[in-house]
Each structure stands twice: as structure tokens, then as C-alpha cells.
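Engineer: Here is a sequence together with a model predicted from it:
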Amino acid sequence: MAAVETIIYRAQARHSPWLSANRVLAITGTLTLVALLVQGYHPFAEDGGLYLAGIKKSLDSSLYPSWAEFVTAQTRFSLFAPVVAALVHLSGLNLLISMSLIYVVSIWSTLLAAWMLAARLFDNITACIGAVSLLALWLAIPVAGTSLMLMDPYVTARSISTPCGLLALVGAIDVQRYLKYGEGIPAWKAAVYFVSAIIAEVAHPLMATYALGCVVLFLALSLPTRQLRILVTSGLITLAIATAVCIYFVAPPQSQQYIQAAQTRAYWFIDTWRWYELLGIVAPPCILAAIASRGNSETMRLISRMVALASIASIAIAITFARLSSESYAVARLQPLRVFQFIYLIMLVVLGGLLGAKVLQRKVWRWACLFVVSSGGMFIVQMQTYLHSAHLEFPWCAPANRWHQAFLWIREHTPKNALFALDAKYIVEPGEDSQNFRAIAERSVLPDYSKDGGLAAIAPELAIQWSYGESLQRHLDRASDSSRADRLAPLAVTWIVLSSNAQTAFPCPYQNQSVKVCRMSGSMELVSRRRRT
């Protein structure tokens, strides 16, 4: 407990004794439960399923013997999957139990890091509570048009990089105060900040690079002389733009299949964004600038300048190099506007702090209104997003989603080396709720349009395979059996998953109200006989 207490910053003498480690842990722990109840937990959905399949492959190399590149691709970009697999192996805990624990800890550590940031921006305990409360209630808020949320309702590498990035910013503020006021930083605390930055980079190199770029920019703005600040800051901006130029012009030629895969990620290209999504990247720097202009906090002004410069640089790079009409998508693949995930985190901490200090204060009814209105709205959005699944899909709960139930049947009743095919856009079928086939069924499957298209977009070497596999499954639900057989037989597909209203004469040993699982092997003769008759 003493170690936790020393983490929490209490530089201002006027801070109340109420700011103790026990109280902070109680507040952030309670808000973690609130965030969990509001946001929900869907471990197999969206990117969570991609990461989970990669971890399962790391734990059992015999899984996914066919088309395994679409399982291992995600693990090549970070050490997240092998590290989690190693922790599961060493701890002896069930994988899904471990992922649930990681999910809860990632939320708590994000809120704790946000508290530490708020404690450096405000000298009011109510402000700190407001900052962490607003963040806890709005973790599911979308980040402009980037296809990101502040935190996902499942575990990904971002679950680790997000709190570590915030903690690195806290360390930068401490360094700034050391440079300005000579306030010492204990060696162990400096080590914690440094290790946090390393963990973020190892977990998710792309998101961590953007967050740590902001941290370095903050440090540059904290330098003691104006000439040095201008020199270093302009050098960092120039370096970022020059890097984008080099990536754009040095990138190898793009295949037609890769262009097709990349264009499925419309959020990469700023010229495809809607007006309100563009507003979402203009508003944060303006809001923080307006707040900083009214306060006396030097740290707040530095934060505002950092956000403004990072926003301008990322928007300029996106407009210049990340357009749908660009000759190369190499820069678009790096998604420079994802820096706004970090900017949104800072903005919510600042807005929540002001809300707590200036509006909510110590009025219980005002806090109650905040929680009821904010949590109610976000809860409804999350429930509608995963309408046919349980809100909290913990491993000890039976799945409510019928597609999930079918995928579990597959895991229990089909051979490990079976190869499956599904409609290329099965993940958007009514009631599917973005449940990932590989992560649940633990069986090989041909690449789909949505999630595997995203993998092909960031790993160009997969584009040809993705285009081929995806095209064979296009409109598979509405195809005839003969068409399905003609398409899938050359790939030795042994099973096919169809929606319950799809027409087929293939034997289907499992069926529920939404989906059926049908056997392809041994059915080719049936198709041939039907053709002859």
C-alpha cells in the first residue's frame, strides 16, 4: 500500500488529507465497477476476437492449421499475444478468466492514471473526482471518425498501451516541474514512468508511438528558453512530416488486391469523413485552448499547446498523404489521426475536472444527475450495439447470442483440422453482434470481408489471399448448393455456416433460430446427383 500511496501525487500543500491512497483506490475501484456496468464486456467481439485467436494459437500451435496467417498476423505487430499467453501458462489460470482480469485491471489502471493526471492539473479534490468520473462514464465514446473508442469493451493491445501512455504523460509533467521548480523525482518513480513507456510501445507500437510523441512534444514545450522551445518543437514537427514524406514515396507499389483491402477501411481516409467526424478532430484542441486561456496553470497551457501542435501535424499529414485518391496508402495504413485517442483522453480529464470543480462541486444531486444521464445514455448505446448478446459476457455465463452458441457447438463437435466457410459479411448478419468465429470455434476458416480485410489492409502480403478467400464467400448465404460446391471444393472446405433462412440440401447437424452448421464433406455427390436430375 505504501508503494501505491507514493505513486499518487500530492505536491500542493492545500490538498486535503482526504487524498490518501486508500481513498483514491476506493474511488477508482468503485468507478471501475461503474465503467464495467456501463460499457459491458464482449471478449469475442471485433478486434477482441482477433487478439484472442492469436493468444489461443500461441498457447496451442495445433489450432488453425489452415489459413493461419490471418491468426498470426495480429501477433506480429506487438508482443501482446505471446506475453499474455506466457502469463496464462505461468499462472495456470484459464485463458478467459485471465482476459477478464486483464480487462478489469486495464480499466482501473486507466482511471488511476487519469486521477494522477488530474491531480497535476487541478488543486481541487472535487475536480479529480469529476475528471475520473466523466472518463469512467464515457469510456465507450467514439474518437471522431477513427473507428476507435477511448477503451474497447474487450481486451486488445490498446487496453495496455492506453493507461501506460497516460502514465508517461504524468511523468513528463513531473519532469517539467523539475525543470521549472526543481521539484525532485524519486529514482523509483522515474523508473515507473520509463517502464510504462516501454510497456506501451511493446504492447501496441502504433498507438504508443502517437501517445509518446505527444509526451515528447510536451517536454519540448517545457524547455527553459523560448529559442530552444521553438527549435526543438519545430524540429519534432518537421521530423514527423518528413517521416510521412519518406514513407509515402519509398513505399513499394501496391497490388490491386491490396488497394481493394485498404479501401474497405474508409476511416483511414480523411476525405471520406462526414462533417461531424471532422468536427470531432477540430473541437478538442479548441476546447483545451479555451480552457487554458482562462486559467493560470502553466501545465494546462503546455497541455493545450501540445494538443494543438499534435492535432495540426496529424491533420496536415492526413490531408496530404491519407486520402482515398492517394497514389500510395502507406501513410494511411499508419492512421495518423489515431493520435486523437490520446487527445480525447486528455480532453475528458480536463472537462471532467472543470465540471467537478465549477459545476458539480459538493452537491450530491448534481453528481447524481451526471451519473444517471451520462451512464444511462452510454449504457443504452452499448446495449443496442450488442443487442443479441449478454451485456457482460464473462466466461462463467452461458452465451445468449445464437451465433456464439453455434460456434461453441462447432468447437465441441467438429475435428480440429476442419476448414469452414461463412458468408464473407457474416459478422454484420442480424443478431451476430460481431462475434468472431475463430476465437470462439477454434477452427480454421476462410478470410472474411470485415476483420480479415482489416488485417490484409495493415499486412499487404495477405492481400492476395484475402481477396481470393473473401471473393469465394461473397453472398454465400444466398448462393445455390452447386455454386457453393464449385467455389469451395478446390479449397477442401469441409463445413459451411449459414444463416437459418438460407436454402441448402447439405446435411446440417446443428441449427438454431439464427444459424445452421452444415457438412460439406461427402455432400459433393449429392450436388452432382441433383444436377443430373
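Structural biologist: That came through, no problem.
Engineer: Could you point out which residue ranges in this structure have low pLDDT?
Structural biologist: When residues are selected by pLDDT under 70, those of the chain lie in 1-19, 183-184, 296, 521-533.
Engineer: How is it partitioned into domains?
Structural biologist: 2-39+93-362, 402-532 (automatic domain parsing).
Engineer: What helix or strand is Met347 located in?
Structural biologist: Under the criterion of DSSP states H and E, Met347 resides in helix 339-354.
Engineer: Which strands and helices lie in contact with that helix?
Structural biologist: In terms of contact count using 3 or more Cβ pairs under 8 Å, 6 or more residues apart in numbering; DSSP states H and E, helix 339-354 is assigned the packing partners helix 95-121, helix 125-137, helix 158-181, helix 205-221, helix 275-294, helix 298-321. For every residue, glycine as well, the C-beta is placed using N, CA and C.
Engineer: same thing but 6 Å
Structural biologist: helix 95-121, helix 125-137, helix 205-221, helix 275-294, helix 298-321 (3 or more Cβ pairs under 6 Å, 6 or more residues apart in numbering; DSSP states H and E).
Engineer: which residues sit against the second one?
Structural biologist: Applying Cβ atoms under 6 Å, 6 or more residues apart in numbering, the contact partners of helix 125-137 are 16, 19, 31, 34-35, 111, 114-115, 118-119, 348-349, 352-353, 355-357, 360, 374-375.
Engineer: now the angle from it to helix 158-181?
Structural biologist: 160 degrees (axes from the mean of the first three to the mean of the last three Cα atoms, to 10 degrees).
Engineer: that older thread, next, the angle from the helix or strand following the helix holding Met347 to helix 125-137.
Structural biologist: Next helix or strand after helix 339-354 toward the C-terminus (DSSP H and E): helix 364-385. Here helix 364-385 points in a direction 20 degrees away from that of helix 125-137 (the same axes, to 10 degrees).
Engineer: Can you mark which positions in helix 364-385 are buried?
Structural biologist: By neighbour count, with 16 or more other Cβ atoms under 10 Å as the criterion, the buried positions of helix 364-385 are 367, 370-371, 374-375, 378-379, 382, 385.
Engineer: Please produce CSV containing these, extended by distance to Ser326.
Structural biologist: Listed next are the buried residues of helix 364-385 as CSV, based on distance: Cβ to Cβ, whole Å:
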residue, distance to Ser326
Trp367, 48
Leu370, 43
Phe371, 45
Ser374, 39
Ser375, 41
Met378, 35
Phe379, 40
Gln382, 35
Thr385, 31
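Engineer: check which helix or strand covers the closest residue in space to Asn94 that isn't next to it in sequence.
Structural biologist: Across the structure, with Cβ to Cβ, 6 or more residues apart in numbering as the measure, the residue nearest Asn94 apart from its sequence neighbours is Pro395 (6.8 Å). Remark: Pro395 resides in no helix or strand, with elements defined by DSSP H and E.
Engineer: Verify the contact between Pro395 and Ser98 for me.
Structural biologist: No. No contact is recorded between Pro395 and Ser98 when judged using Cβ atoms under 6 Å, the distance being 9.6 Å.
Engineer: higher neighbour count, these two?
Structural biologist: With neighbours defined as other Cβ atoms under 10 Å, Pro395 and Ser98 compare such that Ser98 has more, 19 against 12.
Engineer: Now for the nearest residue to Ala85 once chain neighbours are set aside, how many residues are close by?
Structural biologist: Closest residue to Ala85 in three dimensions, ignoring its sequence neighbours and counting by Cβ to Cβ, 6+ apart: Ser58, at 3.7 Å. Using other Cβ under 10 Å, Ser58 has 20 neighbouring residues.
Engineer: how close does Ser58 sit to Lys416?
Structural biologist: Ser58 sits 16 Å away from Lys416 when distances are taken as Cβ to Cβ, to the nearest Å.
Engineer: what's the answer for Leu354, then?
Structural biologist: From Leu354 across to Lys416, the span is 56 Å (Cβ to Cβ).
Engineer: Then Asn401?
Structural biologist: Relative to Lys416, Asn401 is positioned 23 Å away (Cβ to Cβ).
Engineer: So which of the two has more stuff around it?
Structural biologist: Taking neighbours as other Cβ under 10 Å, Asn401 and Lys416 compare with Asn401 leading, 26 against 13.
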